[in-house]
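Trainee: Okay, predicted coordinates and the sequence, questions at the end:
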Amino acid sequence: MKQVKTERLEERFDFDCLGFGICPLDYISILDPYPGLDEKVNITSFSVQGGGPVPTAMAALSRLGAKVAFAGKAGDDYEGRLICSELEKYDVNTDYMMVDKKSKSLKAFIWVDKHSGKRTVALDQTKMNPVRPDELTFLNKVSFRYLHLDGRDMDANIFLAKRAKNTGSQIILDVGSLRDKIEKLLSYVDYLVVSKKFAYDYTGTEDLIQACLKLKEIGFKCVVITLSEKGCLWADSDKINYFQGFKIDAVDTTGAGDVFHGAFIFGLLKKWKMGKIIEFASACAALKCKKIGGREGIPSLKEVKSFLRKGIC
């Protein structure tokens with residue numbers, strides 16, 4: 001896949017970004033009508049693609065032109081090999097992938113409503129062992145400007161975050177719900193980009209502005225609360241900002257937030273002002289929704305620039 005490479009900002013780093021997190025294989029079905037309990041329905045469209053919040057963010061970041069790598073765990077099975085090949089298709093380095101012969105690769109089964117593009121996700125991680133810190137043996141071999149995490153295997157996340165901080169890397173966290181030891185991980189995070197659910201649950205308030213302010217008080221450089229098709233709230237100071245987002249006829253919203261994260265990191269690499277980063281990331285996420293799955297709709301940098309020039313909103 002042809003890419004337009006971004007200028008490397010600091011050559012002392014091997015990669016612009018390293019991603020670490022779960023890496024399921026997505027089985028995506030578009031349904032019409034969307035069934036209720038005990039109903040049957042035919043699939044109108046089907047796709048198998050690499051999935052997972054961080055891997056998809058890395059695919060988006062690479063598609064935009066950055067040099068990225070992904071570290072995660074897969075089984076020694078068909079799905080594991082396809083997970084790696086899907087990443088490599090987007091020029092994501094997989095040298096640091098861990099293969100566990102005692103595990104089965106993660107699978108996500110996704111059902112999408114044809115009319116709204118909204119989806120339901122069921123993750124099968126019943127036969128996958130978590131990543132242990134002592135398995136992260138590659139850390140002495142690689143350097144990276146940014147580290148992107150999902151907070152899933154928490155001990156490994158904390159270990160990676162601590163090491164990253166000691167080597168001058170900055171950390172972005174994508175977390176959708178509360179997890180054990182989250183406070184310890186948050187202490188290492190520079191940029192927090194999270195769901196509305198996490199913001200509500202962590203702060204104990206359902207006032208979005210108050211939730212954003214409370215999160216910002218922790219000390220992050222920037223806090224972003226994503227609101228799906230309604231846009232996002234963000235703060236890189238004491239001021240709360242709202243970006244409405246872009247209206248688009250969505251085929252499938254799977255992976256939109258993940259692509260947002262990848263584009264957000266791209267903006268950080270380019271040292272853009274936060275308002276420009278938010279607009280750019282929102283455009284990337286909107287464009288992704290025009291195709292099925294989290295990966296097929298990832299736009300190129302040229303496509304995003306054209307979309308923004310036209311002022312489609």
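Mentor: Everything's here; your move.
Trainee: was I right about Phe307 contacting Pro299?
Mentor: Yes. Look at Phe307 against Pro299 with C-beta atoms under 8 Å: they come within range, at 7.4 Å. From N, CA and C alone the C-beta is placed, and that goes for glycine too.
Trainee: Who has more neighbours out of the two?
Mentor: The neighbour comparison of Phe307 against Pro299 (other C-beta atoms under 10 Å) goes to Pro299, with 23 against 19.
Trainee: Check the gap between the more buried one and Cys284 for me.
Mentor: Distance, Pro299 to Cys284, by C-beta to C-beta, to the nearest Å: 6 Å.
Trainee: coming back round to it: can you check which residues contact both of Phe307 and Pro299?
Mentor: Jointly contacting Phe307 and Pro299 under the rule C-beta atoms under 8 Å, 6 or more residues apart in numbering are Ala283, Leu287.
Trainee: Looks like Asp124 contacts Lys107 (just checking).
Mentor: Yes. Between Asp124 and Lys107 a contact is recorded at 4.6 Å, counting by C-beta under 8 Å.
Trainee: Find the residue closest to the residue nearest the centre of the chain in space, skipping its chain neighbours.
Mentor: The centroid of the chain falls nearest to Asp258 when counting by C-alpha atoms, centre = their mean (3.0 Å). Nearest non-adjacent residue to Asp258, counting by C-beta to C-beta, 6 or more residues apart in numbering: Thr56, 3.7 Å away.
Trainee: beta partners of the closest residue in space to Glu135 that isn't next to it in sequence?
Mentor: Distances taken as C-beta to C-beta, 6+ apart place Met98 nearest to Glu135, at 5.7 Å, with adjacent residues excluded. Taking DSSP bridges as the rule, Met98 bridges to Lys73.
Trainee: Would you confirm that Met98 contacts Val131?
Mentor: Yes. With contact defined as C-beta under 8 Å, Met98 reaches Val131; the gap is 6.7 Å.
Trainee: Look at the two and report which has more neighbours.
Mentor: Here Met98 and Val131 are compared on neighbour count by other C-beta under 10 Å; more neighbours surround Val131, at 23 against 16.
Trainee: For the more buried one, list the residues it contacts.
Mentor: The contact partners of Val131, by C-beta under 8 Å, 6+ apart, come to Gly72, Lys73, Met98, Asp153, Ala156.
Trainee: what do you get for Ile218?
Mentor: Residues in contact with Ile218 (C-beta under 8 Å, 6+ apart) are Leu186, Leu192.
Trainee: Would you confirm that it belongs to a strand?
Mentor: No. Read with DSSP: H, G, I helix; E, B strand; the rest coil, Ile218 is coil and lies in no strand.
Trainee: and it, how far is that from Ile182?
Mentor: The value you get for Ile218 to Ile182, if C-beta to C-beta is used, is 11 Å.
Trainee: hang on, the earlier thing: please say which of Asp124 and Lys107 ends up with more neighbours.
Mentor: Taking other C-beta under 10 Å, Asp124 and Lys107 do not tie; Lys107 has more neighbours (20 against 15).
Trainee: For the more buried one, what are phi and psi?
Mentor: The phi/psi pair for Lys107 (degrees, to the nearest 10) reads phi -130, psi 140.
Trainee: With adjacent residues omitted, what lies nearest to Lys102?
Mentor: Counting by C-beta to C-beta, 6+ apart, Asn129 is the residue found nearest to Lys102 once chain neighbours are left out, at 6.4 Å.
Trainee: Let me know the pLDDT of the one you found.
Mentor: Asn129 carries a pLDDT value of 97.
Trainee: And the one 10 residues further on, by the same measure?
Mentor: For Leu139, the pLDDT comes out at 91.
Trainee: Now do the contacts for it.
Mentor: Contacts for Leu139 were tallied using C-beta under 8 Å, 6+ apart; they are Leu160, Arg163.
Trainee: That one and Gly117, how far apart?
Mentor: Leu139 is 39 Å from Gly117, by C-beta to C-beta.
Trainee: Same check on Leu208?
Mentor: Counting by C-beta to C-beta - Leu208 and Gly117 are separated by 23 Å.
Trainee: Repeat that for Leu123.
Mentor: For Leu123 relative to Gly117 (C-beta to C-beta), the value is 20 Å.
Trainee: Give me the more crowded residue out of these two.
Mentor: Gly117 (20 against 16).
Trainee: Name the SS class of that one, please.
Mentor: Gly117 ends up coil, using three-state DSSP.
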